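S.K.: Got a predicted structure here, sequence first:
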Amino acid sequence: MSAKSKDSDLPLIATANDLRTGAVVYRSADGAWQRDIARAEIVEGKSAADDLLRRAEADLAVGVADLALIPIIREGAFLRPAALREIIRSTGPTIELPAWQPRA
Amino acid sequence: MYRYDEFDHDLVRERVAEFSDQVARRLSGELTEDQFKPLRLMNGVYLQLHAYMLRIAVPYGTLSSRQMRTLAHLARTYDRDYGHFTTRQNLQFHWTKLEEAPKMLAELADVEMHCIQTSGNCIRNVTADHFAGASADEIADPRPYAEILRQWSSLHPEFSLLPRKFKLAVIGAPKDRAAIQTHDIGLEVKRNDSGKLGFAVWVGGGQGRTPMIAKKVRDFLPESDLIAYMEAILRIYNLFGRRDNKFKARIKILVHEMGEEEVKAAIEKEFAAIDKTNMVLPRDAVERIERYFAPPPFDTRFNGAPAFDRARETDSEFASFVERNVHPHKMPGYAIATVSLKPIGGTPGDMTSAQMDAVAGIAEQYSFDEVRVSHEQNLVLPHVKLEELPAVYARLRATGLATANFGLITDIICCPGLDYCSLANARSIPIAQRLSERFADPVRQSDIGELKIKISGCINACGHHHVGHIGILGVDRKGEEFYQITLGGSGDETCSIGEIVGKGFSFDGVIDAVETIVDTYLKLRESPRENFLSAYRRVGEEPFQEALYAHAA
Amino acid sequence: MAIFKGHAFVEDEWAVAAEGVPLPAGRAVVSKARFLAEHDTLSARNAPLGLILRSGETLDGLEDDLDRFQLIVLDIPKYTDGRSYSTARILRERYKYAGELRASGDVLRDQIMFLHRVGFDAFDVTHEGTIAALRDGKIKLVHKHYQAAAREDEEAAPGPRPWLRISPRGVPGDAHETGLDGGGI
């Protein structure tokens, strides 16, 4: 197994929560904040990351809250966050939501 | 229970209007997030992993059926059809939209509910014994005082920008069912030798990063001095609590750093200097509040409960329910019933809107329209006629709320953890679920006896793990979930902080570790009557450490 | 620098004296350290004197001299720092301080009612949105309160609960006063 690359070497995407709804969103290359992580703009290297952050921060006034650049791991064509916290943000709670209903 | 008059309604509506305005100014960009955050926190709106979270105050854990139905309606209309009851007797919705929060607050105001100060660096929900006004061991109902303190602490102009959050709890019985010694201020209602009402006062308890047991600063505070004394404590805290370090900002740190005697002296000095003219709590004012908490019209003719007796004899599951979930009431012919929100494999404290509606109906019909929320994340029907218990049980059973596990190992207390919470380091709910499934066998549970497992997903300890008989703390170890176990904690009047047993365990390992601990207890207990906590206090952590670590692979 | 006092912005007549240099001839505001160090000279001074306290500074040592100050400024470094709210109340209620009590620093519209209720009667505001809100009377204030504070002279006690209070209309920035919110609650 190859050595695990340090988080700081990993590609980054921008994530936040939609200001109005709180939904988890990712910034795509066209500047939109949308819910599909697969469409997130990926950057590599510090200067590209700084640039993405600067562009994303412009949306803090009225678009989004809790902005962060997060490392992602590419597994083939599939994209997933490196951190468990961010995996959970992208897929939702790992448990089933309560669903008890009365029998019809 | 307390009923709003015009003043109370106006105050809450003004507050809703104020918050709606603040939300509008945030959405338009006039307010930055930095300016808006403390404002939304003061109205119980958190930003969590997946969405905003709305924390609704349930003052001293008391709800009417009408309020419960409104919570069900809000869950259906604005959330994902369920809510979560917390260790501070509040309710949380985990999928709130900021733009809908003002509407939700307006609907809550219609049923005399609010989210004021359920978050932020201010005085939070005043919690109380969930058996108040019902329990056979009660000296005096703590809830009138909890209501008085709720009012006093709401939008207090001097104490809304504290160094950190501030939590109060009140009890009125020798048994502490509200964990007052883990609160910033804990109050025990009592009578002095002349029979006058007053309080024993504790200051400086808390969990989180540095758990501490509160210190008693007054053995007897006369009732009329309650408000002035609270102001003295809060003022000392507001002026001298640390503001340089978020993790050292609670009053427990001030008590620890200043010294117990010095803090006591500072409080008494401030209390003596306060002009009491407007601070005195007159007896007739207390009486006016007490009337809201007068006992319901109990049926005083008790000549036995044949339906209850018959059901207990013939239905073994009902008998188990009675043995575990039913508690002595001060009124002959009545009982207190715990409604379990801990089904095997479920999420502790969660309830669907359909279940909320069902409990509202049961409370309305069988419990004088009243439901309580316990700080251990169950509900309580405080006044059920013994004769009607079989009917209540049948309704609860039909609603998935009759698990007969009160105080047993599957009656787990658990925070939302990393599945929901942006503060968390590890998931807590799956641990609770797997433990619940591992110990599901009712015979085994009964044999183990009383054992409180409390699980927190981070050091903030919302799961109260420090006072679990077995406490589990989730941490992040190099990007992986890891779990530390503490033993011997207790939140009752014999309050103790759990001791870390040793190295932590993985997500898979912690379930086996708990089982090893339980098996060790079963082997070394003097008899089945010696419960886990007593056994631990007798033998200490060594036998458990040996069982867990001596055979490391 | 404009000070909001009463219902309008007024010119600031005061200047905070720099440390280590002689005081200006007229009105001057001094720090606690300076006042204590130069107590006798400053007490003998004929011109009006003001005091500025930083957050965390207490009234210890100043109790007997408070009525020498026509102005006391309590500085609020960050709006989340609530210490001066206690100091203000102590000044008004315990020491019956009757001069101008001014909040300066990170003074924002959403704390105006709290600041007013603990006894501040002047606001040194730099935040643009707050200046506009005060000037235009646009703040949606809460008028009903569950506790007495330092405004017993103006707040009504409607009873029967003895701790209830109602603020009059016309508290600084009050939207209800100007009718800009479309009327009462």
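M.R.: Looks like it came in fine. For clarity, every value in this text was computed on a predicted model and none was experimentally measured.
S.K.: Which phi and psi values does B:Leu187 adopt?
M.R.: For B:Leu187, the backbone dihedrals are phi -130, psi 140 (criterion: degrees, to the nearest 10).
S.K.: And the residue of chain C closest to chain A?
M.R.: C:Gly129 (13.2 Å; CB to the nearest CB). Any C-beta I mention is one placed from the backbone N, CA and C, and that applies to glycine too.
S.K.: Where do the strands of chain A begin and end?
M.R.: For chain A, applying DSSP state E gives strands covering A:12-18, A:24-27, A:33-34, A:64-75, A:78-81.
S.K.: tell me which residues in stretch B:275-288 are buried?
M.R.: Across stretch B:275-288, burial judged by 16 or more other CB atoms under 10 Å in any protein chain shown covers B:Asn278, B:Met279, B:Leu281, B:Ala285, B:Val286.
S.K.: which other residues reach that stretch?
M.R.: Residues from elsewhere that reach stretch B:275-288 (CB atoms under 8 Å, 6 or more residues apart in numbering or on different chains): B:144-145, B:148, B:223-228, B:231, C:93-94, C:148, C:152, C:160-163.
S.K.: how far away is the closest residue to chain B within chain C from B:Arg235?
M.R.: Proximity to chain B, evaluated over chain C using CB to the nearest CB, is greatest for C:Gly82 at 2.7 Å. Spatial separation of C:Gly82 from B:Arg235 under the definition CB to CB, to the nearest Å is 11 Å.
S.K.: Identify the contacts common to these two.
M.R.: Shared contacts of C:Gly82 and B:Arg235, counting by CB under 8 Å, 6+ apart, come down to B:Glu158, B:Phe159.
S.K.: Now do the same contact list for the residue of chain C closest to chain B.
M.R.: Per CB under 8 Å, 6+ apart, neighbours of C:Gly82: B:Asn121, B:Glu158, B:Phe159, B:Ser160, B:Leu161, B:Leu162, B:Asn238.
S.K.: Then B:Pro59?
M.R.: B:Tyr2, B:Asn125, B:Val126, B:Ala146, B:Glu147, B:Arg150.
S.K.: Count the neighbours of the residue nearest to A:Asp18 when sequence neighbours are not counted for me.
M.R.: Using CB to CB, 6 or more residues apart in numbering or on different chains and skipping the chain neighbours, the partner closest in space to A:Asp18 is A:Val25 (5.2 Å). A:Val25: 24 surrounding residues under other CB atoms under 10 Å in any protein chain shown.
S.K.: Report the contact partners of A:Val25.
M.R.: Counting by CB under 8 Å, 6+ apart, A:Val25 has contacts A:Thr15, A:Ala16, A:Asn17, A:Asp18, A:Trp33, A:Gln34, A:Arg35, A:Val64.
S.K.: how about the CA coordinates for the helix or strand hosting the residue of chain C closest to chain A, as PDB?
M.R.: Using DSSP states H and E, C:Gly129 sits within helix C:128-136. Presented in PDB, the C-alpha positions along helix C:128-136 are these (Å, rounded to 0.1, in the frame of the first residue of the first chain):
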ATOM      1  CA  GLU C 128     -22.800  52.700  10.100                       C
ATOM      2  CA  GLY C 129     -25.900  50.600  10.300                       C
ATOM      3  CA  THR C 130     -26.400  51.500  14.000                       C
ATOM      4  CA  ILE C 131     -26.000  55.200  13.300                       C
ATOM      5  CA  ALA C 132     -28.600  55.000  10.600                       C
ATOM      6  CA  ALA C 133     -31.000  53.000  12.700                       C
ATOM      7  CA  LEU C 134     -30.700  55.400  15.600                       C
ATOM      8  CA  ARG C 135     -31.000  58.500  13.500                       C
ATOM      9  CA  ASP C 136     -34.100  57.200  11.600                       C
END
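S.K.: packing partners for the next helix or strand after it?
M.R.: Where DSSP H and E defines the elements, the next helix or strand beyond helix C:128-136 is strand C:144-145. Packed against strand C:144-145 by the contact rule (3 or more CB pairs under 8 Å, 6 or more residues apart in numbering or on different chains; DSSP states H and E) you find helix B:6-27, strand C:165-166.
S.K.: Contact partners for the closest residue to C:Arg151 other than its chain neighbours?
M.R.: Of all residues not flanking C:Arg151 in the chain, C:Arg117 sits nearest, at 5.4 Å (CB to CB, 6+ apart). Neighbouring residues of C:Arg117 by CB under 8 Å, 6+ apart: B:Pro157, C:His145, C:Ala149, C:Ala150, C:Arg151, C:Ser167.
S.K.: Pull up the gap between C:Arg117 and C:Val125, please.
M.R.: 18 Å.
S.K.: repeat for A:Leu12
M.R.: Separation of A:Leu12 from C:Val125 (CB to CB) stands at 40 Å.
S.K.: Run a quick neighbour tally on B:Phe298.
M.R.: 16.
S.K.: do stretch B:247-265 and chain C meet?
M.R.: No. Counting by CB under 8 Å from any CB of the partner chain, no contacts exist between stretch B:247-265 and chain C, the nearest distance being 11.1 Å.
S.K.: Pull the distance from that stretch to the chain's centre.
M.R.: 24 Å (CA atoms, centre = their mean, to the nearest Å).
S.K.: Identify the residues contacting it?
M.R.: By CB under 8 Å, 6+ apart, stretch B:247-265 touches B:163-166, B:184, B:203-206, B:208-210, B:212, B:214-215, B:217, B:233, B:236-237, B:240-243, B:266.
S.K.: Tell me how many other residues crowd C:Leu74.
M.R.: C:Leu74: 25 neighbours (other CB under 10 Å).
S.K.: how about the helix holding C:Gly129: buried residues?
M.R.: C:Gly129, C:Thr130, C:Ile131, C:Ala133, C:Leu134.
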